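Trainee: Could you look at this predicted model? Sequence included:
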Amino acid sequence: MSHLYWLHEADLKRIQHLFPKPRGVARVDDRRVLSGIIHVIRNGLRWRDAPSDYGSHKTLYNRWARWSHMGVFARIPTELAAQGEGTGTLMIDVTHLKTHLTVSSMGLKKKGRGRLIGRTKGGLNSKLHAVTDAAGRPIQLFLTAGNVSDYLGARALLPSLPAADWMRADRGYDADWFREGLKERSIEPCIASRRNRKAFIPHDIKIYRSRHKIENMLGRSKDWRRLATRYDRCPIIFLSAIALAATVLFWS
């Protein structure tokens with residue numbers, strides 16, 4: 001049995017409308033190229049080590065880099081979530097992703113946000129902020145440096161949250177401004193109170209209990225070796241890898 005990954009034709013058709021239209025000469029087969037990109041990211045390979053069944057490794061990387069900067073892969077989870085029926089419940093959480101020594105430069109780029117790598121107790125890493133539906137399927141993804149507060153990710157994701165009835169979150173998101181922002185969007189917060197909060201705010205324990213599904217999602221994503229260890233200097237390309245993994249794992 002072949003160990004190579006091949007994207008199903010049905011899954012390709014669901015997202016093909018998000019791809020840029022070819023100009024002039026027809027581009028190399030989308031299914032073959034995307035399958036090769038997924039194989040490299042999932043197994044943590046260097047691009048030059050991609051199996052020849054997928055064609056030239058230069059074609060794979062060039063397509064990957066070009067479409068990443070165009071935002072093609074980052075849009076896919078949000079688009080697939082919009083096509084489905086809303087579950088009525090959202091969840092938000094974060095996880096740290098370790099960086100390889102070769103990408104540990106934290107210098108700022110001109111007119112950019114740098115590498116989005118920060119120093120924490122666990123070393124240099126990045127932080128992935130994610131919003132999922134009740135089933136733990138990613139809807140929105142946001143990347144920051146590892147030493148950035150969870151609140152910054154919540155503040156960035158709040159304005160674009162889809163319609164929902166509930167938001168489940170751990171006590172790391174217990175902030176009055178976040179609770180009020182959710183209520184302004186007609187979303188009821190189910191957030192555990194911080195231990196040092198003067199006025200304890202009760203939450204529905206039964207609803208909160210299923211929050212483990214977003215933790216499971218973050219854990220499964222790290223099964224992809226180029227996510228568990230960050231090899232990409234460019235944060236846009238790295239976030240695209242996360243979005244593509246989310247598409248294959250949870251939306252296919």
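Mentor: Arrived safely, thanks for sending. Not measured: the values here are computed from a predicted model. Residues are numbered from 1 along each chain as shown.
Trainee: Give the phi and psi angles for the closest residue to Arg48 other than its chain neighbours, as a check.
Mentor: Using CB to CB, 6 or more residues apart in numbering and skipping the chain neighbours, the partner closest in space to Arg48 is His57 (5.1 Å). C-betas here are computed from N, CA, C, even on glycine. Main-chain torsions, His57, degrees, to the nearest 10: phi -70, psi -20.
Trainee: measure His57 to His203 for me?
Mentor: 50 Å (CB to CB, to the nearest Å).
Trainee: Okay, helices next: where are they in the stretch 101-250 of the chain?
Mentor: Ranges of helices in the stretch 101-250 of the chain, per DSSP state H, counting those that start in this stretch, are 150-157, 176-184, 205-209, 212-221, 225-228, 235-250.
Trainee: Under the pLDDT cut-off, which ranges of the protein? List them.
Mentor: Residues of the chain meeting the criterion pLDDT under 70: 1-2, 85-87, 104-113.
Trainee: is it true that Arg195 touches Gly172?
Mentor: No. Look at Arg195 against Gly172 with CB atoms under 8 Å: they stay out of range, at 11.8 Å.
Trainee: Which one's more surrounded, the two?
Mentor: Counted by other CB atoms under 10 Å, Arg195 and Gly172 do not tie: Gly172 has more neighbours, with 16 against 8.
Trainee: contacting residues for that one?
Mentor: Listed by CB atoms under 8 Å, 6 or more residues apart in numbering, the contact set of Gly172 reads Val94, Asp150.
Trainee: From Phe178, how far out is it?
Mentor: Distance, Gly172 to Phe178, by CB to CB: 10 Å.
Trainee: which residues are contacting stretch 74-83?
Mentor: Counting by CB under 8 Å, 6+ apart, 14-15, 18, 68, 133, 137-141, 162, 239-240, 243-244, 246-247, 250-251 sit against stretch 74-83.
Trainee: Quick one, which of those residues are buried?
Mentor: 14-15, 68, 133, 137-141, 162, 239-240, 243-244, 246-247, 250-251 (16 or more other CB atoms under 10 Å).
Trainee: isn't Val131 right up against Leu157?
Mentor: Yes. Look at Val131 against Leu157 with CB under 8 Å: they come within range, at 5.5 Å.
Trainee: Overlap of the contact sets of those two?
Mentor: Joint contacts of Val131 and Leu157 (CB under 8 Å, 6+ apart) are Ile92, Gln140.
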